[in-house]
Every structure is written in C-alpha cells, then in structure tokens.
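Chemist: Let's see this in three dimensions:
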Amino acid sequence: MESSLTLPIGTTLDRFIMRGQEEFPGATGELSQLLRDLALAAKVVHREVNRAGLAGITGAFGAQNIQGEEQMKLDVAANIRFIRALAKGGEVCAVISEEEENMILTGNHHAKYVVAIDPLDGSSNIDIDGPIGTIFSVYRRLSSPGSEPTREDLLQPGRKQVIAGYILYGSSTMLVYTAGKGVHGFTYEQSLGEFFLSHPMASLPADGKIYSCNEGVSNTFPAKVNEYLSLCKERGYSSRYFGALVADFHRSLLVGGVYLYPATAKAPKGKLRLMLECNALAMIAEQSGGKASDGTQNILDIQPLDFHQRVPFYIGSKKMVDEIESMHRS
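Modeler: Numbers count the residues shown, from 1 in each chain. Modelled structure (predicted):
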C-alpha cells in the first residue's frame, strides 16, 4: 500500500497553465505570465491577511476610495500589491482598480492586455476575520501595442474578457479562473507555496435552494424582488449572506443558489461595479453553467460607459436567475 507520504500532490497552477498553453499553437506566453503575476500577488495578500492582527494592519486607513467608502488598511495594501505585480510582470499596459479614480498606466506600452480589478472585496469582514476576496478581469487592448493605452481599451463589455477570476481568502485560499474553456479552482498549499488544482471543470448547479442578499434593506428593494424573496421563503429555501460577494458567489458555484443585489432607494442604479466585480463573476458563472443578469439583460452584454459604473446584480443558478428576470419583465 502506498504511503500517504508518497501519494501524488496534484497539479500546480504553473503546470496547469503550461499545459493549457500547449493547446494553442503560436501562443507566446503573455497570458500565462499574467496569471502567474496575479497568483504571486495573491500569495502576498494571503500572507498579509493571515497576519493582519499581528502586523497591525487591521482597521480603517483613514481615507475614502473613489466610491466614497471608507478604505481599510488591507484595501490599500492589496491594491498596491496587485498593481505592482502587474506592472513589474510586463504583460499589462493599464489597470483600473476599485481603489483608484483613474486608469493606472504601468509604463508597459508594448503590452497587449489591460486589467480591471477589485483588490479586496468584502472589506467590512477584515476586522471580524470573515471571508474576503479579489476579483479580476483581463481584456485584450484595442489600441496598438506601443502606443499609450486609452479609456476605450478598458471600456469593453464582459463578453470581451479573455480571462476572468477571483481569489477567496477564507478557511483556505482559492484561486478560481476561466479562460473561456471551463472554470478551474486551485487551493493554496501554504507549506509548499503553491496553488494546486482542486476543482477542475467546476459546474454551477442549474438550480438551488439558497438565496443570498442583504435583507436588512429589503424594504428599499423593488416590489418584484421582494415578491421573489417571499417565494423563496414559501419554498423553504435557506438564506445565507457573508457580506462578501466573492464568498457568496463561491458558495453558489459549489452548491447552487442565487445572489441578489438589486437597485435600492440608496443606490437606484445598483451598488456593485460592472467592470470591477460583475463582469468577471458573470463570465465564471456562464462558463460553469450559471447566469448573471441586471434583471433585464445578461451582464456580459452591457456596454460600460464608465470605469466605476454600477448595476443591479443577480447571479448564480440559471433557473433561479431566469425566474428573477421573468418576474422583472412581468
């Protein structure tokens, strides 16, 4: 009998990326290197998250981001780590971040790709040791490499993403991504410093029995959304809400369910950012058999007009999102 000490440890992210690259004749490796840069930054943020209390980097930073939301110290640290990794990696010419008002030029004008990123989703969970995450989208630039990047390079609909993914910092740290051929999840093995393939070809169940939303403000939801929530309760569905989009979506990816953040009286256009949060998760949902909508149309078909544009957001099991859309239309 084979000892547990000599059992295979699995496929690393690097090896998986390399095998994937071999499927595309003529691939030159830029996207592979870009993914490695994101994974490296994720490892650094994982370290910071796990030692935040000891290192004195919990709590508020004392400033607000472009959204007018209070920045946490880890928000700022994660933003710096990811932008620095993408700039030094050399494959990205411009970045937009939830923490920055304007497009960030990396100086790599020859690079072919641009990135939209929410460096640390779920900041309110930091000081209570709750789950938090990172969300990222990669697009091929529209302008010619060698020239200065433009706003139009980033203002592309979600259908144009070449890679979409997220990192979840929870009971374990996971990197989940799609390059348009299925969704794959990798779990971080801290002692080896590597992400290992743990969820190949993840499949989001077509239906579910969990709904996730901030019911504390449901009195400001549209009537049709409250009607749907009433149906969920009548059917005996469970309510689960982490307060971190990545964590709530990750649960849906594994066991099914739907996440809702509709327009509210306080946020009549919705709260979540189309480019920085919704597009990436919408692509992952679709690639795994799920769906994402603003209530009337597929999130991936929306043409963004602004880097920080907000939309209502419904994502998860396809049957559940279809039912919400149907109720909106009626």
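Chemist: okay, the closest residue to L245 other than its chain neighbours: pLDDT?
Modeler: In space, and not counting its chain neighbours, L245 is closest to D121: 5.4 Å by C-beta to C-beta, 6 or more residues apart in numbering. Bear in mind the C-beta positions are built from the backbone N, C-alpha and C, glycine included. On the pLDDT scale, D121 is placed at 93.
Chemist: What of the one 4 residues further on?
Modeler: The confidence metric pLDDT takes the value 86 at N125.
Chemist: Kindly report the same for G56.
Modeler: Taking G56 on its own, its pLDDT is 49.
Chemist: hmm, back to that, across the sheet, point out what pairs with the residue nearest to L245.
Modeler: Here D121 shows beta-bridge partners G133, assigned using DSSP bridges.
Chemist: domains in this protein, as residue ranges please.
Modeler: 10-199, 210-329 (automatic domain parsing).
Chemist: Pick out the shakiest of these, pLDDT-wise.
Modeler: domain 10-199 (a mean of 87).
Chemist: Can you get me the start-to-end distance on that one?
Modeler: 11 Å (C-alpha to C-alpha, to the nearest Å).
Chemist: Distance from that domain to the middle of the chain?
Modeler: Once both centres are worked out by C-alpha atoms, centre = their mean, to the nearest Å, domain 10-199 turns out to sit 9 Å from its chain's centre.
Chemist: Equivalent analysis for stretch 216-223, please.
Modeler: With C-alpha atoms, centre = their mean, you get 25 Å for stretch 216-223.
Chemist: Return it as CSV; C-alpha atoms alone will do.
Modeler: Only the C-alpha atoms of stretch 216-223 are listed here, as CSV (Å, rounded to 0.1, in the frame of the first residue of the first chain):
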residue,chain,number,x,y,z
GLY,A,216,-31.8,44.3,6.3
VAL,A,217,-32.5,46.8,3.5
SER,A,218,-35.2,44.7,1.7
ASN,A,219,-37.8,47.5,2.4
THR,A,220,-36.0,49.5,-0.2
PHE,A,221,-35.9,46.7,-2.8
PRO,A,222,-38.1,46.8,-5.9
ALA,A,223,-41.5,45.1,-5.3
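Chemist: Show residues contacting it.
Modeler: With contact meaning C-beta atoms under 8 Å, 6 or more residues apart in numbering, stretch 216-223 is reached by 225-226, 229, 262-266, 328.
Chemist: Ok, stretch 196-206 next?
Modeler: 9-13, 16, 174, 176, 182-189, 252-256, 285, 288-290, 316-319.
Chemist: what is S97 paired to in the beta sheet?
Modeler: Here S97, judged by DSSP bridges, has bridge partners I117.
Chemist: Next, count neighbours for it.
Modeler: For S97, the count of nearby residues is 26 (other C-beta atoms under 10 Å).
Chemist: what ranges do the helices span in the stretch 1-150 of the chain?
Modeler: With DSSP state H, counting those that start in this stretch, the ranges of helices along the stretch 1-150 of the chain come out as 13-22, 30-50, 52-55, 73-89.
Chemist: got a markdown table for those, with distance to H199 and mean neighbour count too?
Modeler: As requested, the helices of the stretch 1-150 of the chain are exported to a markdown table (distance: least, C-beta to C-beta, whole Å; neighbours: other C-beta atoms under 10 Å):
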| stretch | distance to H199 | mean neighbour count |
| --- | --- | --- |
| helix 13-22 | 12 | 15 |
| helix 30-50 | 16 | 20 |
| helix 52-55 | 26 | 13 |
| helix 73-89 | 23 | 21 |
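Chemist: Now do the phi/psi pair for E100.
Modeler: E100 has phi and psi values of phi -130, psi 140 when expressed as degrees, to the nearest 10.
Chemist: Now do the contacts for the closest residue to V246 other than its chain neighbours.
Modeler: Nearest residue to V246, sequence neighbours excluded (C-beta to C-beta, 6+ apart): G133, at 2.8 Å. G133 makes contacts with 120-122, 166-169, 244-247, 250, as judged by C-beta under 8 Å, 6+ apart.
Chemist: Could you dump those residues into a markdown table with neighbour count, distance to G208 and secondary structure added?
Modeler: Shown next, in a markdown table, are the contacts of G133 (neighbours: other C-beta atoms under 10 Å; distance: C-beta to C-beta, whole Å; DSSP: H, G, I helix; E, B strand; the rest coil):
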| residue | neighbour count | distance to G208 | secondary structure |
| --- | --- | --- | --- |
| L120 | 31 | 27 | strand |
| D121 | 27 | 21 | strand |
| G122 | 22 | 21 | coil |
| Y166 | 26 | 19 | strand |
| I167 | 30 | 23 | strand |
| L168 | 26 | 19 | strand |
| Y169 | 29 | 24 | strand |
| A244 | 23 | 19 | coil |
| L245 | 25 | 17 | helix |
| V246 | 27 | 18 | helix |
| A247 | 24 | 16 | helix |
| H250 | 23 | 13 | helix |
